[in-house]
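> Can you look at this prediction? I've put the sequence above it.
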Amino acid sequence: MAGLASDGGLYVPRVWPKIAEAEIRGFYGRPYAEVALSILTPFVGDEIAENDLRRMVEEAYATFRHPAVAPLVQIGAADFVLELFHGPTLAFKDVAMQLLARLMDHVLLQRDERATIVGATSGDTGGAAIDAFAGSERADIFILFPKGRVSPVQQRQMTTSGARNVHAVAVDGTFDDCQALVKGMFNDARFRRATALSGVNSINWARIMAQIVYYFTAAASLGAPDRRISFTVPTGNFGDIFAGYAAKRMGLPIDRLVIATNSNDILERTLSSGRYETSGVSATMSPSMDIQVSSNFERLLFEASGRDAEMVKRSMASLTQSGGFTVPEDTLSAIRAEFSAGRSDEAATAETIRSFLSTTAYLLDPHTAVGVKVAREHAGPGVMVTLGTAHPAKFPEAVRKASGLSPELPPSHTGLMEKHERFDTLPNDLRQVENYIAERSRAARSGASA
Ligand SMILES: Cc1ncc(COP(=O)(O)O)c(C=O)c1O
Ligand SMILES: N[C@@H](CCOP(=O)(O)O)C(=O)O
């Protein structure tokens, strides 16, 4: 529920629970919700009764259109796409968000409390969070998105919910600005207390926890732990790939974790130079990855340095003060031992969408295309799984330009583009955003108690 620790740091588990090889083998062919329960239970402990957790997990994954929840599609001899976009808002964020909303509602109900949920989005987290929390009796949700920098489908998923507890806010700035506003709210102790603040970005550990599951289901269906499997992950805020790293720490024998970035390539540059240095964000056809401050990299620094909290603190302070820091040599070597990285610029991403359609008849969304392009450059002796993070119909213009095909939205989205939009626009200013949120969450609280 806390989202961010009170000193501004990110939570990680005190110890990594271990899943034995025999148990991983046993995941083969099991329903997604069952595997999810096995992975989540060690983190949840006895905080939530087993039956309640089971019910919430089953309900969360019943919202997916595909019975496998996260099916694998073979795209080459040893190449697969893990389709994570069969949830309500057509992006991988649904996998964690559908569960997170249920977990939060459950806890709020038990404590007889209300919460103010905030989130920053470059396009997908916002829609997924709004879908999952819309109509909640216990939570008011405020999503900050960068004005003019999300796709029209993504924007409408956020602005047309109609639910009274949902507030979509366009911010004059980038995703990094929205994320900095969210972190600013968490670091403002008075505001945090007064609004009972909670967060839904992947800085919230529960998001990562739920995303660990599909690494296990995918690897087990491809023969883990007896087969070498690598994952390529289209990366922005580093949450999705950090979930893969977590799976590995829990005993899943992942060969390589490959970071795939678009031209906002801070992570690729960091791996090659050892210097984490922000530069301006450029708008691309994969807008959800237009990110420079990659929050979960902080978690990796902590783990790869042998949990050197002082070094992480110094690095984060230097990032805030001077826009960068140097990764210590031994930490960098530890990161390079597990991760590789590559980038795809706009031309290469468009070409990947086009050529992939003509050779395999499979239509990639621009984010997954970044992944597939980089995965092909990192093919090794084992199997490569690229995470398919969004449905191509969320980005019809970019996909049409690249391939000549206009992907159709599924029937669940019929009429979306004609619905009335409701959102406010605010400047990139912490005080103004806090005042906006405080006013509305106060009104909701007095409405709820009246
Ligand atoms: C479609 C899509 N692909 C990839 C990413 C990158 O994921 P992460 O931020 O967890 O690295 C995002 C958003 O973050 C996304 O929405
Ligand atoms: N790409 C994300 C950015 C936020 O990432 P999160 O996983 O930390 O919530 C988006 O689409 O909003």
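Yes, it's here. Residues are numbered from 1 along each chain as shown. Ligands and ions are numbered 1, 2, ... in the order given.
> contacts, neighbours, all on C-alpha from now
Will do.
> what's the helix or strand for residue 213?
For residue 213, the enclosing helix or strand under DSSP states H and E is helix 205-221.
> tell me the angle of the helix or strand following that helix relative to helix 205-221?
Using DSSP H and E, the helix or strand that follows helix 205-221 in sequence is strand 229-234. Relative orientation of strand 229-234 and helix 205-221, computed by axes from the mean of the first three to the mean of the last three Cα atoms, to 10 degrees: 140 degrees.
> Show me the contact partners of strand 229-234.
The contact list for strand 229-234, computed with Cα atoms under 8 Å, 6 or more residues apart in numbering, reads 219, 240-241, 244, 253-261, 289, 367-368, 370-372, 374-375, 382-387, 389.
> Spell out whether that strand and ligand 1 are in contact.
Yes: counting by Cα under 6 Å from any ligand atom, contacts between strand 229-234 and ligand 1 involve residue 234.
> helix or strand right after that strand?
Per DSSP H and E, the helix or strand that comes after strand 229-234 is helix 239-249.
> That following helix to helix 205-221, inter-axis angle?
If you take the same axes, to 10 degrees, helix 239-249 sits at 60 degrees to helix 205-221.
> Next, the angle from the helix or strand following helix 239-249 to helix 205-221.
As assigned by DSSP H and E, the chain's next helix or strand after helix 239-249 is strand 254-261. Between strand 254-261 and helix 205-221, the angle comes out at 120 degrees (the same axes, to 10 degrees).
> same question for strand 254-261, mean pLDDT?
Mean pLDDT, computed over strand 254-261, is 98.
> Could you check how many residues crowd around the closest residue to residue 378 other than its chain neighbours?
Of all residues not flanking residue 378 in the chain, residue 258 sits nearest, at 7.7 Å (Cα to Cα, 6 or more residues apart in numbering). Neighbourhood size, residue 258 [other Cα atoms under 10 Å]: 26.
> Would you quantify the distance from residue 258 to residue 380?
11 Å (Cα to Cα, to the nearest Å).
> and for those two, which residues touch both?
By Cα under 8 Å, 6+ apart, no residue touches both residue 258 and residue 380.
> Residue 60: which element?
helix 50-62.
> Report the mean per-residue pLDDT for that helix.
So the average pLDDT for helix 50-62 ends up being 98.
> Would you mark the buried spots in that helix?
53, 54, 56, 57, 58, 60, 61 (16 or more other Cα atoms under 10 Å).
> The helix holding residue 213 to helix 50-62, inter-axis angle?
Here the directions of helix 205-221 and helix 50-62 differ by 70 degrees (the same axes, to 10 degrees).
> avg pLDDT for helix 205-221?
The model assigns helix 205-221 a mean pLDDT of 98.
> so how many other residues sit close to residue 110?
9.
> quick one: it and residue 48, what's the gap?
10 Å.
> again, but for residue 427
Taking Cα to Cα, one finds residue 427 at 40 Å from residue 48.
> show me the contacts for residue 192.
Counted by Cα under 8 Å, 6+ apart, residue 192 has contacts 185, 186.
> Tell me which helix or strand it sits in.
Residue-wise, residue 192 maps onto helix 189-195 under DSSP H and E.
> after that helix, next one along is what?
strand 197-199.
> which neighbours does that next one have in its sheet, and in what orientation?
The strands beside strand 197-199 in its sheet (DSSP bridges) come out as strand 115-120 (parallel).
> Give me the contact list for the very next helix or strand once past the partner strand.
Downstream of strand 115-120, the first helix or strand assigned by DSSP H and E is helix 124-133. Here helix 124-133 makes contact (Cα under 8 Å, 6+ apart) with 88-89, 91, 93-94, 97-98, 101, 119-120, 139, 141, 143-145, 154-155, 157-158, 161, 166, 200-201, 288.
> so how far is helix 124-133 from its chain's centroid?
On the basis of Cα atoms, centre = their mean, to the nearest Å, helix 124-133 sits 11 Å off its chain's mean C-alpha point.
> got the CA coordinates for that helix in CSV?
C-alpha atoms of helix 124-133 as CSV (Å, rounded to 0.1, in the frame of the first residue of the first chain):
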residue,chain,number,x,y,z
ASP,A,124,-0.3,2.1,-20.9
THR,A,125,-0.1,2.1,-17.1
GLY,A,126,-2.7,4.8,-17.0
GLY,A,127,-5.4,3.0,-19.0
ALA,A,128,-4.7,-0.3,-17.2
ALA,A,129,-4.9,1.3,-13.7
ILE,A,130,-8.1,3.2,-14.6
ASP,A,131,-9.8,0.1,-15.9
ALA,A,132,-8.8,-1.9,-12.8
PHE,A,133,-9.8,0.8,-10.3
